[in-house]
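>>> Structure here, sequence nowhere to be found:
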Ligand code: S3P
C-alpha cells in the first residue's frame with residue numbers, strides 16, 4: 001500500500017465491540033501507514049473523554065464533534081481510519097467517506113453485550129435497547145460497505161489475515 005497514492009483510505013465500521021480500533025491499529029501497523037481512530041481524535045481535539053462529552057454536552061453536540069474530527073482526516077489515501085459505532089448515522093459523514101474502502105465488521109447485539117467490558121466508557125452501551133440500536137444502524141453499515149466480514153469469534157489476527165486477502 002505504501003508508495004501507491006491511489007490506494008483509498010481503509011475505513012472500519014460496525015457496532016460497539018466489533019473490534020474496529022483493534023483491527024484498524026493492527027492493519028495500519030501491518031501496512032506501515034498512519035492510523036486514525038475517531039473517538040481518539042475527538043478526545044485529543046477537546047481534551048475530554050467521550051463519556052464526559054455525552055454527559056455534559058449531549059449526543060447532538062458529540063455528533064458534531066465527531067463529524068468535525070472525521071472531516072479532518074477523511075479520505076486521506078493510504079491511511080486506516082476506525083470509526084465510532086454511530087459515525088455513519090450522520091449523512092455528511094457518509095458523504096465524506098463515500099470514496100473510501102469501507103469494511104463493515106459485523107457482530108450481533110449478543111456479541112456486543114458480551115464484549116463491552118466497561119459500559120461507562122460507552123454511554124450508549126448502557127441502553128437497554130442495544131438490539132434496536134443495532135437494527136437501526138445495520139442497513140447503513142451494510143449499504144455503505146465495500147467489504148462485510150463477520151467478526152464474532154475469532155482473534156483480531158485472524159480477521160487481519162482475512163482483510164489482507166481481500167486487498
Ligand atoms: C458510539 C460508539 C463509541 C463512541 C460513542 C458512541 C455509538 O465508539 O463513539 O460512545 O454511538 O455507537 P465505539 O464504536 O468505538 O465503541
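The structure has been received and is ready for your questions. Bear in mind the structure is a predicted one, so any value in this text is a computation, not a measurement.
>>> In this protein, which residue is most central in space?
Central residue check for the chain by CA atoms, centre = their mean: the C-alpha nearest the mean position is that of residue 83, 2.4 Å away.
>>> Show me which positions of the lowest-mean-pLDDT helix or strand in the chain end up buried.
The weakest-scoring helix or strand in the chain, judged by mean pLDDT, DSSP states H and E, is helix 109-115 (a mean of 88). Under the neighbour-count criterion of 16 or more other CB atoms under 10 Å, helix 109-115 has 109, 111-112 buried. Placement of C-beta: from N, CA and C, glycine included.
>>> returning to what we had before: give me the pLDDT value at the residue nearest to the centre of the chain.
Model confidence at residue 83, given as pLDDT, is 98.
>>> now do the one 10 residues further on
The score at residue 93 is 97. That number is its pLDDT.
>>> residue contacts, it?
66-67, 70-71, 74, 87 (CB atoms under 8 Å, 6 or more residues apart in numbering).
>>> Include pLDDT, neighbour count and secondary structure when you put these into a markdown table, please.
Shown next, in a markdown table, are the contacts of residue 93 (pLDDT from 0 to 100; neighbours: other CB atoms under 10 Å; DSSP: H, G, I helix; E, B strand; the rest coil):
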| residue | pLDDT | neighbour count | secondary structure |
| --- | --- | --- | --- |
| 66 | 98 | 24 | helix |
| 67 | 98 | 19 | helix |
| 70 | 98 | 25 | helix |
| 71 | 98 | 13 | helix |
| 74 | 97 | 21 | coil |
| 87 | 98 | 24 | helix |
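>>> Report all helices and strands that the longest strand seen in the chain contacts.
Counting by DSSP state E, the longest strand found in the chain is strand 101-106. Applying 3 or more CB pairs under 8 Å, 6 or more residues apart in numbering; DSSP states H and E, we find strand 101-106 packed against strand 10-13, helix 130-144, strand 147-150.
>>> ranking these by burial, who's on top?
For the helices and strands packed on strand 101-106, the largest average neighbour count (mean count of other CB atoms under 10 Å) is found in strand 10-13, namely a mean of 27.
>>> and residue 153, that one's in a strand?
No - if the criterion is DSSP: H, G, I helix; E, B strand; the rest coil, then residue 153 is coil and not within a strand.
>>> From the ligand, how far off is it?
19 Å (CB to the nearest ligand atom, to the nearest Å).
>>> one step back: going by distance to residue 15, which of the buried residues of helix 109-115 wins?
Using CB to CB, residue 112 comes nearest to residue 15 of the buried residues of helix 109-115, at 5.2 Å.
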